[in-house]
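> Have a look at this prediction, sequence included:
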Amino acid sequence: MSVPNVVVHRDADMLAKAVAARVITRLVDVQSARGSASLVLTGGTVGIATLAQIAASPARDAVDWRRLDIWWGDERFLPSGDPERNETGARKALLDHVDLDPERVHVMRGPGSGMTAEESAEAYTEELRRAARPEDHGPAPSFDVLMLGMGPDAHIASLFPEMPALHDTRPAVAVHGSPKPPPTRISLSLPVIQGANEVWVVAAGQDKAGAVRLALSDAGPVQVPAAGARGRRRTLFLLDRAAAAKIPASLGRISSP
């Protein structure tokens, strides 16, 4: 796993704009080299703001959207179209505004599909397995960019501290009893997150500062899930100044205007 690099931006708005520019640049680079690319989305305020900034960017058309696979790191187990679903926010902010191939938009299904949460996780696991290539060396794609938000408790995706899902090695898992509503969710597992080529943790706000400090420490991922957010080739913690406030001075970081 890679060692995290930290990049700090002035505020949440600048952070969303900067992450959007990074996403576009990275997708264009990957597509230029390989033809297609894969992106794992996150929800949350900054995650959705980033997608809106991508949609607003004049550079967005440099991405070949038809040759992009869209995945989610987690989803709330709610009916399709529910405003609390990450998918709904992503569609409104970006996906409905670009020319995607619907077959390459990989949605975690909700209860309206007639599935239980376990069956939905199983179906996503199978979808991940079908998309994996021999060079991925595992049961899921080595995503080009996997974006994660982070909670004040240091949870990532829907992997919350001390919960059984952190020990589950299946590619996608059902999560019950989430301390944050709704209680039932679907999440990528930690091994799949760590199998991504690049993992970007995006966080803003003073309430995230303690979690950021722990995530960049030697803490274990069962107690601090974000401490396990590491990519194979690259790990970025993309933060605003408030979220970066408690990072030790000894830890190298890049500050942006």
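Happy to help now that I have it.
> After the helix ranked longest in the chain, which helix or strand is next? Please name it.
Taking DSSP state H as the criterion, the chain has its longest helix at helix 12-34. Where DSSP states H and E defines the elements, the next helix or strand beyond helix 12-34 is strand 37-41.
> List the neighbouring strands of that next one plus their orientation.
Partners of strand 37-41 in the sheet, by DSSP bridges, are strand 68-72 (parallel), strand 145-148 (parallel).
> ok so, going back, return the set of buried residues in the longest helix of the chain.
Residues of helix 12-34 classed as buried by neighbour count (16 or more other C-beta atoms under 10 Å): 12, 15-20, 22-24, 26-27, 30-31. (Each C-beta comes from the backbone N, C-alpha and C, glycine too.)
> Which other helices and strands does it contact?
Using 3 or more C-beta pairs under 8 Å, 6 or more residues apart in numbering; DSSP states H and E, the elements in contact with helix 12-34 are strand 4-9, strand 37-41, helix 44-56, strand 145-148, strand 198-203, strand 234-240.
> Just give me how far the first one sits from the chain centre.
In this case it means strand 4-9. Centroid separation for strand 4-9 versus its chain: 16 Å, with C-alpha atoms, centre = their mean, to the nearest Å.
> Run me through the strand neighbours of that strand, direction for each.
As defined by DSSP bridges, the strand partners of strand 4-9 come to strand 234-240 (parallel), strand 254-255 (parallel).
> Can you lay out those strands as CSV showing mean pLDDT, mean neighbour count and distance to residue 135?
Formatted as CSV, the strands paired with strand 4-9 follow (pLDDT from 0 to 100; neighbours: other C-beta atoms under 10 Å; distance: least, C-beta to C-beta, whole Å):
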stretch, mean pLDDT, mean neighbour count, distance to residue 135
strand 234-240, 97, 23, 17
strand 254-255, 66, 10, 31
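> would you list those strands in CSV and tack on distance to residue 173?
Converted to CSV, the strands paired with strand 4-9 look like this (distance: least, C-beta to C-beta, whole Å):
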stretch, distance to residue 173
strand 234-240, 22
strand 254-255, 34
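> ok, back up a step: can you check what angle separates the longest helix of the chain from strand 234-240?
Interaxial angle, helix 12-34 versus strand 234-240 (axes from the mean of the first three to the mean of the last three C-alpha atoms, to 10 degrees): 160 degrees.
> residues in contact with helix 12-34?
When contacts are defined by C-beta atoms under 8 Å, 6 or more residues apart in numbering, helix 12-34 is touched by residues 7, 9, 36-37, 39, 45-46, 49-54, 57, 59-60, 62-64, 67-68, 144-145, 147, 198, 200, 202, 204-205, 238-240, 256-257.
> Format the helices and strands packed on helix 12-34 as JSON lines; extra columns: distance to residue 213.
Putting the helices and strands packed on helix 12-34 into JSON lines (distance: least, C-beta to C-beta, whole Å) gives the following:
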{"stretch": "strand 4-9", "distance to residue 213": "11"}
{"stretch": "strand 37-41", "distance to residue 213": "25"}
{"stretch": "helix 44-56", "distance to residue 213": "18"}
{"stretch": "strand 145-148", "distance to residue 213": "17"}
{"stretch": "strand 198-203", "distance to residue 213": "11"}
{"stretch": "strand 234-240", "distance to residue 213": "11"}
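> what about the ones you listed, which gets the closest to residue 128?
Closest to residue 128 of the helices and strands packed on helix 12-34, according to C-beta to C-beta: strand 37-41, at 10.7 Å.
> quick one, the closest one and helix 44-56 angle?
Using the same axes, to 10 degrees: strand 37-41 against helix 44-56 is 140 degrees.
> separation between residue 142 and residue 236?
16 Å (C-beta to C-beta, to the nearest Å).
> try residue 71
In terms of C-beta to C-beta, residue 71 sits 18 Å off from residue 236.
> just so I know, which of the strands paired with strand 4-9 lies nearest residue 154?
The closest of the strands paired with strand 4-9 to residue 154 is strand 234-240. By C-beta to C-beta, the value is 12.1 Å.
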